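In: 3D, please:
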Amino acid sequence: MPPGRHLVLLGATATGKSALALEVARRHPDVELVNLDSMQVYRGMDIGTAKPTPAERAEVPHHLLDLVDPAEDFSLARFQAAARSTLASIEARGHRAVLVGGTGLYVRAVVDDLQLPGRFPEARAALDAEPDTASLHRRLAELDPVAAGRMEPTNRRRVVRALEVTLGSGRPFSSFGPGLDAYPPSPLAQVGLRLPLDALDARIARRFRAMLDAGLLDEVRALLRRPGGLSRTAGQALGYRELAAHLQGRCSVEEAGEEAVRRTRRFARRQLRWFRRDPRIEWLDAGENPLALAPRLLGDCLQCS
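Out: Predicted structure coming up:
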């Protein structure tokens, strides 16, 4: 791993990425932190996304947090443009970035500077009117079998997006860029944190209980009362969707918490499957104290003196 480059610190949720990144930035003044979490871009979604606290953000520079209101949908293309601008400004200051998060597409959009297709509202509106996701996936398989083969038939968001681009642009969705199955050389180094699954499951449960104790339910209640509420994207955030169901009278708070923990554990496994496909990632064991990895990141990866 060549030293002196920007570093991407990734992995499943609750592995300690943010705490480790903060420790690295504390130890070296030319390191700035850049968010790669798709839910931390929303203002007011703080506790449930494990967003850095105001004190932490005052201590070291943080970027790409609180970009939009939670009533807005936020696209990958908008994030990619913001990330490009942020990295350029960090480089202009002679600093380096530690980019931290677990949203796979956000990571790839930055690491590989993916070519992203535009938006096609008319095509999207027609697709949104079709409730049968399986039927849409079959249609995609006829028009772009390569794209269809890369996604689960039940993943409505990805299926609709691929069809939107294919129909709106007249080009197969899979023709945009080399695709997610290619792992070309990148100027960004990538390090992943990992934990045994049983330890990760326990940490997820503990963290959600701590979020509830910190006021997550009140945070969700306040967000639902805001004009526009939660957008389709923000409303799917882990923990928020389940607690919103409780506040709407559809389940108890205990049932909401149990479902949130289950869904977070499933999500963590999907994250791991996604990242393990990338041979460029160097994996480190987080252990009980991920902060102990800070000297290695500073020395081997960033070569900070």
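
In: what about residue 9, which SS state?
Out: Under DSSP: H, G, I helix; E, B strand; the rest coil, residue 9 falls in the strand class.

In: and the residue nearest the centre of this structure?
Out: Centroid-nearest residue in the chain, with Cα atoms, centre = their mean: residue 103, separated by 2.2 Å.

In: in the sheet, which residues pair with residue 100? Tell me.
Out: residue 9, residue 35 (DSSP bridges).

In: isn't it right up against residue 15?
Out: No: using Cβ atoms under 8 Å, residue 100 is not in contact with residue 15, being 10.8 Å away. Any C-beta I mention is one placed from the backbone N, CA and C, and that applies to glycine too.

In: distance-wise, check residue 90 relative to residue 107.
Out: To residue 107, residue 90 is 17 Å away according to Cβ to Cβ, to the nearest Å.

In: next: residue 92.
Out: Look at residue 92 and residue 107: by Cβ to Cβ, they are 23 Å apart.

In: between these two, point out the one with more neighbours.
Out: residue 107 (24 against 8; other Cβ atoms under 10 Å).

In: so who does the more buried one touch?
Out: Residues near residue 107 by Cβ atoms under 8 Å, 6 or more residues apart in numbering: 8, 10, 36, 99, 101, 190, 275.

In: okay, angle between the helix or strand harbouring it and strand 7-11 too, please.
Out: Using DSSP states H and E, residue 107 sits in helix 104-111. With axes from the mean of the first three to the mean of the last three Cα atoms, to 10 degrees defining the directions, helix 104-111 sits at 170 degrees from strand 7-11.

In: what's the first helix or strand after helix 104-111?
Out: Following helix 104-111 in sequence order, the next helix or strand is helix 121-128 (DSSP H and E).

In: and that following helix, which residues are buried?
Out: For helix 121-128, burial by neighbour count (16 or more other Cβ atoms under 10 Å) applies to 123, 124, 127.

In: before we move on, what about stretch 86-106?
Out: 86-87, 90, 96-106.

In: the helix or strand that contains residue 98 to strand 7-11, inter-axis angle?
Out: Element membership for residue 98 (DSSP H and E) is strand 96-100. Inter-element angle recorded for strand 96-100 and strand 7-11: 10 degrees (by the same axes, to 10 degrees).

In: packing partners for strand 96-100?
Out: If contacts are counted by 3 or more Cβ pairs under 8 Å, 6 or more residues apart in numbering; DSSP states H and E, strand 96-100 sits against strand 7-11, helix 17-27, strand 31-35, helix 76-92.

In: hmm, try it at 10 Å
Out: With contacts defined as 3 or more Cβ pairs under 10 Å, 6 or more residues apart in numbering; DSSP states H and E, strand 96-100 has these neighbours: strand 7-11, helix 17-27, strand 31-35, strand 62-63, helix 76-92, helix 104-111, strand 189-194.

In: low-confidence ranges in the stretch 1-150 of the chain?
Out: Scanning the stretch 1-150 of the chain for pLDDT under 70 picks out 1-4.

In: how much space separates residue 219 from residue 80?
Out: In this structure, residue 219 and residue 80 are 28 Å apart, going by Cβ to Cβ.

In: with the buried residues of stretch 86-106 in mind, which one is nearest to residue 173?
Out: Closest approach between those and residue 173, by Cβ to Cβ: residue 105, at 13.6 Å.
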